[in-house]
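Enquirer: what's the 3D shape of this:
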Amino acid sequence: MRFPIPATTAFQQKRWLKFVGVSIVVQSLSKLEAWYPPLVGHKQKWSNEFFEQTEDSSEGGQPLMDAQLLENLLNQEESSTLDFKRDQYPFVKATDEQKSELLKDILAMANAWRQAEAHILIGVDDVRGGRSIPVGIPHAGHLLDHQLQQFVHGKTNRELAFSYKPLALVEGTEIGVITIPLQERPIYLLKDYGALKANVVYVRRGSATGEAPPDEVVRMASGTIGLGIPPMLQLGFTDVKTRETYGLHLQVECRPREIPPLESIPLLGKPPQTLYGMPLDVDLPTQNRQYYRDLAVWIRDYSHLLSVGLTVFNPATTTAEHVVVTITMESADGLTVLDADDKPPLPSRSWNMGPVPLARRYAGRVDVAKFGRRFEIRTELGNVQPGMAAWTKGSFYIGARIPQSITADVTISADNLRTPMTTKATIEIAVVLEPLQLSELISDQAAEE
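Expert: Numbering: from 1, shown residues only. Alright, predicted model coming up:
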């Protein structure tokens, strides 16, 4: 059996920051030195554990913003969770002083006292007491998310979670959207940068930005515990046996076999000798004389199917409870998707009259069902701890007899997610037809492959 060729963009996840956060519990003032140097009068080195941010792309990821949410934001006043910018932030070829304006705004919103994600809408003219006006920015004027991540990376005491995405409006204009989710606080710079000072916690209050005093910083840290920050989950296709992961972009090669005409395939063994209709050899009645033909059909229908598992990684600091993954895709001519129960075992040389094993239910099992023209792949993974990955114990099987380019809808839900996470996955299937030689069939070599 040939396993998928890894995609060239393996682990190219959409919009997610890959990091392992460290939960900090403030138990006494004597321990404050470990997390906020100004309170004890000196600086301390920090060691941040993280996973490298992968390059972003234009498709997939949880939907950034729908039309209703945008309209609601445009009709709100600026606040601790909302800021309007008519012009794009200076960034490319900008000085440190200029770029520190962007960094300060993101830091301040990350540290703000809020219960929802925050947004900075770029290309929107603020209108006090009315609907703010999207004036737009040129398409070429958008910032690149991966460049912003590289810019911020390493400058703060802990990973700063945010994202930048262009958003096309029905009016034909485009705006930029910076989204800052709820996360652990306080977040501050380790070194001076531009107009910003190290070890200072910038915080947004209403429509203004200020510096948090030490007692407020203490409340930030203790208030983060139990805040209910939702987990962030990332899905990937994987090889269950090796746990090699291929991200959401899977490239596979199938090698379906073309079998000779069934009537040209010999029967197994010699014809039974009978006397008055009764077999003389007691072993022959249990022999499957159609074995080679059954094997040829099995090879034609199932040998090209590839076993694919699923993995979910939780880079956040909150446990994801009762994680369920659902993948749906359109059916197509020549496409086969099965679970372990639907794929029959290899034919046997003898008739087996033993009991048929029943399907077992277990956590991490992958189930496949078909509803109309759509396949549905579903698995339940239980709880996924912070910084850990969960793997399916089973797999599903996919293959095709003609080349396929599949776009699948992915939904990841958990009991402590406000709304399910949604994204897209792609599966590219290349096909190489290979004839099945009669000599290869008789030797059972094809089945072993």
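Enquirer: which parts of stretch 423-442 are buried?
Expert: Neighbour-count burial for stretch 423-442 flags Thr423, Ala425, Thr426, Ile427, Glu428, Ile429, Val431, Leu436, Glu440, Leu441 (criterion: 16 or more other Cβ atoms under 10 Å). Glycine gets a C-beta too; all of them are placed from N, C-alpha and C.
Enquirer: where does the stretch 1-150 of the chain dip in pLDDT?
Expert: 1-65 (pLDDT under 70).
Enquirer: for stretch 307-323, list the C-alpha coordinates in CSV.
Expert: Presented in CSV, the C-alpha positions along stretch 307-323 are these (Å, rounded to 0.1, in the frame of the first residue of the first chain):
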residue,chain,number,x,y,z
SER,A,307,-5.2,5.2,4.8
VAL,A,308,-5.4,8.7,6.2
GLY,A,309,-5.8,9.7,9.9
LEU,A,310,-6.5,13.0,11.6
THR,A,311,-4.8,15.0,14.3
VAL,A,312,-5.9,18.1,16.2
PHE,A,313,-3.3,20.4,18.0
ASN,A,314,-4.3,22.8,20.7
PRO,A,315,-1.7,25.6,21.0
ALA,A,316,-3.7,27.6,23.5
THR,A,317,-3.5,27.5,27.3
THR,A,318,-7.1,26.2,27.7
THR,A,319,-8.2,22.5,27.5
ALA,A,320,-10.5,21.9,24.5
GLU,A,321,-13.3,19.7,25.9
HIS,A,322,-15.0,16.9,23.8
VAL,A,323,-13.5,17.8,20.4
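Enquirer: looking at the buried residues of stretch 423-442, which one is closest to Thr245?
Expert: Thr245 lies nearest to Ala425 out of these, by Cβ to Cβ, at 12.8 Å.
Enquirer: adjacent strands (with direction) for the helix or strand containing that closest one?
Expert: Secondary structure assignment for Ala425, by DSSP states H and E: strand 421-431. Sheet pairing of strand 421-431 (DSSP bridges) gives strand 249-254 (parallel), strand 404-413 (antiparallel).
Enquirer: quick one: those as CSV, columns for mean pLDDT and distance to His322 too.
Expert: Output for those, formatted as CSV (pLDDT from 0 to 100; distance: least, Cβ to Cβ, whole Å):
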stretch, mean pLDDT, distance to His322
strand 249-254, 93, 26
strand 404-413, 95, 8
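Enquirer: any idea which of those is most buried?
Expert: strand 249-254 (a mean of 21; mean count of other Cβ atoms under 10 Å).
Enquirer: looking at this, Arg300 is in a helix?
Expert: Yes: under DSSP: H, G, I helix; E, B strand; the rest coil, Arg300 sits within a helix.
Enquirer: against Asn75, how distant is the nearest residue to it once chain neighbours are set aside?
Expert: Spatial nearest neighbour of Arg300, excluding adjacent residues (Cβ to Cβ, 6 or more residues apart in numbering): Ile259 at 4.8 Å. Using Cβ to Cβ, to the nearest Å, we find Ile259 at a distance of 66 Å from Asn75.
Enquirer: compare these two (neighbour count), which wins?
Expert: Taking neighbours as other Cβ atoms under 10 Å, Ile259 and Asn75 compare with Ile259 leading, 22 against 11.
Enquirer: per-residue pLDDT of that one, please?
Expert: pLDDT, Ile259: 93.
Enquirer: what is the burial count for Pro231?
Expert: 23.
Enquirer: residues contacting it?
Expert: Going by Cβ atoms under 8 Å, 6 or more residues apart in numbering, Pro231 touches Asn314, Ala316, Thr318, Thr319, Ala320, Val384, Pro386, Ala414, Asn416, Leu417.
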